[in-house]
Structures are given as structure tokens and as C-alpha cells.
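Engineer: Make a model of this:
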Amino acid sequence: ITSIKHFTLFLTIAFLVTGSYTFAQSKGFRTSLKSKTENAGNTSRFIMKATSEAGTWKPRKEVIYEPDMEGETDEWLEYGQITNEYDNNSNNISMIEDNGDDQNRTLSKFDAINNKIEVIKQNMEAGEWVNTEKTEYAYDPVVTDYQTERKAYTWDPATGKWILNYAHKKVITRNAKGFVTQVSIMLMNAKNQFDELERTEITYNGGDLPATSWKFLQANESFQLVEMVRYDKINWDHSDGQILNSNEAFMIGNNRIKKADIYDEGKKTATFECTYVDGKTDFDCLIKSINGVDEIHHTLTELDGNGSYKEEIIERFDENGDGEMEIYDQYTIATYDDHKNPIAEENFEVNDGVIEKTNGLKMLYTYGSNGEITETINQMYDYEAAVYMNMEKIVASDFVFFASGVDYTQTKNGSLNIMVSDNQVRFEKEGMNGYAIYSVTGTLISKGKVENNHGEVSIGAFPSGLYIIKVTTGDGQRETAKFVKR
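Structural biologist: Modelled structure (predicted):
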């Protein structure tokens, strides 16, 4: 009876899709300026999008408001401002937070495939940016978005150097055919040496697909690895051999199990069965004890084509061994709009047939003419009052467009910033309201007005060569730069 409940500790029944966004936001929207910085660039199922096949719109300016908690009105009070800068691939490379009293800056670097490899945090002190923290990341060369290493540093102003104070890494072993056979999770200790805390081991028949077993080991107090959970006699729905799971999330991703025997600390305690729907993330899984009637039923169902889904876990246990079943039923419904942005995530519990909402988030958007999100109101469910409360409003402006699949070269002349691809030139300058493009012989090629400090001109039909762009501002200033059409 107790053995199957042990699996909950190893995430067998943990919500696989739901949770990351709710958990992050449930700490309170008032910390959003800091949390935005810490989570900038992270991948999540809950990333607000203003995208299309043509490209993505990103805001340079964001103003954060919080409700007037002490007043009797619904007035929003400005809490802070965020200024963003992006690279040519739309990655956020600089984020400045200003709450009126303090200014903080986050600088990020990305590799050639847009993985974040470095984050530096700085504070403004006496008119200068001062380093405070740095984090470095490394990734697997095969599964290129899988993070294998993280190092954290603090800045020592006395020596002017970064001091390493935390590091962990995942050491991946593959066989001759390139399939993962082991993942070791290592943590740096006080002696700057690495201790192995966890390990997964994957066994293949003759070294080829499919894998026949997956084993999770964990270090005890003496740092000896002890087997905790094992999936044996695995029957896969599909598998690519890149089995990097450090928990039992085998219902999603590229490695999905249909059937397996489950061992708890070396003893067979349960069976696992799961069915899937082709082309969807849907699954219907059952973990059933071999020694009794205890079972865990875990399902995920897509609700529409926008990304909405319902994820549910129902646990049935004979708590006292008297045949009287205890049932624990909890589920989450996540709803997305036609822009494929999340508008609600709500968590429920079912007790004696009565459904009760336990917590939730709602996101109310205002969209611009290009599908960009110009305003977001975040609401959090108040369990005691059984209503949603306003927690934060974000007003975004000064958007920049990044075309999909376009390789830009970037130049800057004074305050005029120019980005050129084979088919488009983009240019930006504070206060700019007009432009003109000339050939090197002085022939006018294109001219027009612009808004919001930036403009875009299609140059696909332009002959290859050198061109001159002149921009004007509302107060009569002019700036000139050259660019090359390839």
C-alpha cells in the first residue's frame, strides 16, 4: 500500500505540463520586474507571443503597474519601467529595470542557435553600472537545447573578479551508436570538487533501440548511489534514444513509454500502461500496484487547436487496508486564445463529487493591429473571496519587428541603427518620422513617413550595391548612413 505512494516523491504523478508558470507567478506579481529578469529567455509552455509566419514583435518599453491596494478605487499605480534591447534573432540582450529608486540591468549572451550562454546582472551605483552576479550555461552537442551545465558567480569589487560560488553539471554518456546510456548529475562542493547526487542508467539490447530499462539512482548521506526507481521490460510508443529524463516524465516528448514494470528500491511494486493519440500531446496513463487495488490515473487532453488542455491526476488508495478507498482527484485547465497565448490556468480539486477551484491565474490582453500585445493585466485567484484580483498591469510600446528566418547584418551611425537583410532594411532612431533612400549616384529610390521611431523598407527588388539612407526627426534633425544590398 505504501510502496506505490512512494512514487509520488519521484514525480511519477507530478503534473508534467502544468505548473511551471503558475508556480513562478504565485509568488506575487509585485516581484515581476525581478522575476522577468531572472526568467528572461527561458523556455516555457507559457510564453506570451506576438508571432506569425512572417515574424515576431517585441517591445522595447514596458511600464509595470500595480493596483492601489490601500485606496478604495481601481486605480493602477506605476511600479516601474523596463527597457529592452534585442539582437538580430530577437533575443533579449539587455533589460534595464527602473522602479524610480533603483536601476538594475541584465545583460544576456546567446550562442549561434539562440541558447542563452551568459547572464550578467548589474546595479546602478553613483551613475555607473556595477557587476553583481553572473551565470554561465552550457548545452549538449546532440540535443542542442538540453542544458548540461550552470555556473553562478558573484562579483568581488575588491579584486575586480568573478568568484565562482555554485556549479552543477549533467555528464552524458552515449554508446557507439549515439544513444544515451547514462546521465550523471553533479554538484560542486565546498572544495570546488563535484559530487554525484543523481544518476540515470539506460540499458539497450545489443546497444540498439529500443531501450529495455531505465533506472534512477540517488546519493545517500554517504554519497553512495542507491537505486530508487526502475522501469523494466519497457515497450515504447516511440523513442529516439536521447533519453535524458532525470525524472519519470515518460508521457511527453520524444521518448514515450506504452508499458513497463516499475520497481521501487529493487522490488517490483507496480505496472505502467499508457495510450497516446497520434499527432497530439494527449495521453492516458495508469500506474497500478501489483499487491492491491491502489492506482494512479494520469491524463492529458488537448481541448482546441490553440494549445488549451486539461491535465488530471486521480489517485485511489486503500489507506488503512480495510477495503475503503480514498480518492484524490486534482486537475488543471489551461486556456489559450486565438493568438495561442495563455489566458487562464485554473487548478481544481474534487472531493466527494464536489469540484472546488483552489487557485488560478488569468491574463487579459489588448492586442495591436499587428498582433502585438500592448497591454496585459494579470489576475490571481483569491481562494478565500472566490474571486480574481488584479495583481499587475504591463503596458508595452515601441515595438520592433523580427522577420522569421531572416539573416540581418547590423550597423550603427550615431543614434541611427540599421539592420539589413537580402530583402529588407530596418532602421531606428529616437524621434524619427521620415526617411529617404538614395543610390550612390544620388537617385532617389524610396521615401516615406515612419512611426514609433522605426521603419522598414522592402529592398528585394533593389539591385545589389551601396545605398544611402537619410532620416529626419520631428524637430528637424537629420542623420545619414550607408548600407549594402547583397
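Engineer: what about residue 96, distance to residue 181?
Structural biologist: Counting by C-beta to C-beta, to the nearest Å, the gap from residue 96 to residue 181 is 45 Å. Every C-beta, even on glycine, is put in place using the N, C-alpha and C of the backbone.
Engineer: Could you report the separation of residue 486 from residue 425?
Structural biologist: Distance of residue 486 to residue 425, given as C-beta to C-beta: 11 Å.
Engineer: More neighbours: the two, which one.
Structural biologist: The neighbour count for residue 486 versus residue 425, taken as other C-beta atoms under 10 Å, is higher for residue 425 (22 against 11).
Engineer: The strand or helix carrying residue 123: partners in the sheet, and parallel or antiparallel?
Structural biologist: Residue 123 is part of strand 116-125, with elements assigned from DSSP states H and E. Looking at strand 116-125 with DSSP bridges, its partner strands are strand 103-110 (antiparallel), strand 128-139 (antiparallel).
Engineer: any chance of those in a markdown table, plus distance to residue 61 and mean neighbour count?
Structural biologist: A markdown table is the format used below for the strands paired with strand 116-125 (distance: least, C-beta to C-beta, whole Å; neighbours: other C-beta atoms under 10 Å):
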| stretch | distance to residue 61 | mean neighbour count |
| --- | --- | --- |
| strand 103-110 | 15 | 19 |
| strand 128-139 | 19 | 16 |
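Engineer: Looking at the ones you listed, which is nearest to residue 76?
Structural biologist: Within those, the stretch nearest residue 76 is strand 103-110; the backing value is 21.8 Å (C-beta to C-beta).
Engineer: wait, doesn't residue 434 sit right on residue 453?
Structural biologist: No - the criterion here is C-beta atoms under 8 Å, and residue 434 misses it with residue 453 at 11.8 Å.
Engineer: what residues are shared contacts of those two?
Structural biologist: Counting by C-beta atoms under 8 Å, 6 or more residues apart in numbering, no residue touches both residue 434 and residue 453.
Engineer: which residue ranges form the helices in the protein?
Structural biologist: Applying DSSP state H to the chain gives helices spanning 2-6, 20-25, 32-39.
Engineer: residue ranges with poor pLDDT in this protein?
Structural biologist: Filtered on pLDDT under 70, the chain yields the residue ranges 1-54, 71-73, 247-248, 403-414.
Engineer: residue contacts, residue 400?
Structural biologist: For residue 400, the contact set (C-beta under 8 Å, 6+ apart) comprises 57, 58, 59, 60, 86, 426, 428, 454.
Engineer: Could you report the neighbour count for residue 343?
Structural biologist: For residue 343, the neighbour count with other C-beta under 10 Å is 16.
Engineer: dump the residue contacts of it.
Structural biologist: 335, 336, 337, 362, 363, 364, 365.
Engineer: now the residues you listed: which count as buried?
Structural biologist: Buried by 16 or more other C-beta atoms under 10 Å: 335, 336, 337, 362, 363, 365, out of the contacts of residue 343.
Engineer: which among these gets closest to residue 191?
Structural biologist: Among the buried ones among the contacts of residue 343, residue 363 lies closest to residue 191 (C-beta to C-beta), at 46.1 Å.
Engineer: Show me the longest strand that occurs in the chain.
Structural biologist: Ordering each strand of the chain by length in residues (DSSP state E) puts strand 387-403 first.
Engineer: just to revisit the earlier point, farthest pair within the contacts of residue 400?
Structural biologist: So, the contacts of residue 400 by C-beta to C-beta: farthest apart are 59 and 426, at 15.6 Å.
Engineer: For residue 56, which non-adjacent residue is closest in space?
Structural biologist: Leaving aside its sequence neighbours, residue 56 sits nearest to residue 402 (C-beta to C-beta, 6 or more residues apart in numbering; 4.9 Å).
Engineer: quick one: contacts for the closest residue to residue 157 other than its chain neighbours?
Structural biologist: Distance criterion C-beta to C-beta, 6+ apart; nearest residue to residue 157, sequence neighbours excluded, is residue 130 at 7.4 Å. Shown in contact with residue 130 (C-beta under 8 Å, 6+ apart): 122, 123, 124, 155, 157.
Engineer: Would you check how far apart residue 458 and residue 442 are?
Structural biologist: Taking C-beta to C-beta, one finds residue 458 at 22 Å from residue 442.
Engineer: the more surrounded of these two?
Structural biologist: Between residue 458 and residue 442, residue 458 has the larger neighbour count (other C-beta under 10 Å), namely 10 against 7.
Engineer: Next one: the more buried one from residue 164, what distance?
Structural biologist: Distance from residue 458 to residue 164, by C-beta to C-beta: 49 Å.
Engineer: How about residue 152?
Structural biologist: 8 Å.
Engineer: Those two - which one has more neighbours?
Structural biologist: residue 152 (17 against 13).
Engineer: Run through the bridge partners of the more buried one.
Structural biologist: Under the criterion used (DSSP bridges), residue 152 bridges to residue 135, residue 166.
Engineer: Next: residue 76.
Structural biologist: Under the criterion used (DSSP bridges), residue 76 bridges to residue 67.
Engineer: my guess is it meets residue 65, correct?
Structural biologist: Yes - between residue 76 and residue 65 there is a contact under C-beta under 8 Å: 3.9 Å.
Engineer: Name all residues that sit in contact with those two at the same time.
Structural biologist: Residues touching both residue 76 and residue 65 (C-beta under 8 Å, 6+ apart): residue 393.
Engineer: before we move on, the earlier item: now the strands paired with strand 116-125 as a markdown table including distance to residue 351?
Structural biologist: Formatted as a markdown table, the strands paired with strand 116-125 follow (distance: least, C-beta to C-beta, whole Å):
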| stretch | distance to residue 351 |
| --- | --- |
| strand 103-110 | 44 |
| strand 128-139 | 43 |
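Engineer: Between those, which one is closest to residue 186.
Structural biologist: Among these, the nearest to residue 186 by C-beta to C-beta is strand 128-139 (12.8 Å).
Engineer: Could you export that closest one as CSV, CA atoms only?
Structural biologist: Extracted in CSV, the C-alpha atoms of strand 128-139 (Å, rounded to 0.1, in the frame of the first residue of the first chain):
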residue,chain,number,x,y,z
GLU,A,128,27.8,53.6,-13.2
TRP,A,129,26.8,50.1,-13.8
VAL,A,130,28.4,47.7,-11.2
ASN,A,131,28.5,44.0,-11.6
THR,A,132,26.7,41.8,-9.0
GLU,A,133,26.1,38.3,-10.4
LYS,A,134,26.9,36.2,-13.4
THR,A,135,25.5,32.9,-14.6
GLU,A,136,27.0,30.7,-17.4
TYR,A,137,25.3,27.9,-19.2
ALA,A,138,26.5,25.0,-21.5
TYR,A,139,24.4,22.6,-23.6
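Engineer: For burial, what's the neighbour tally of residue 223?
Structural biologist: Neighbourhood size, residue 223 [other C-beta under 10 Å]: 10.
Engineer: what sits against it?
Structural biologist: The contact partners of residue 223, by C-beta under 8 Å, 6+ apart, come to 195, 196.
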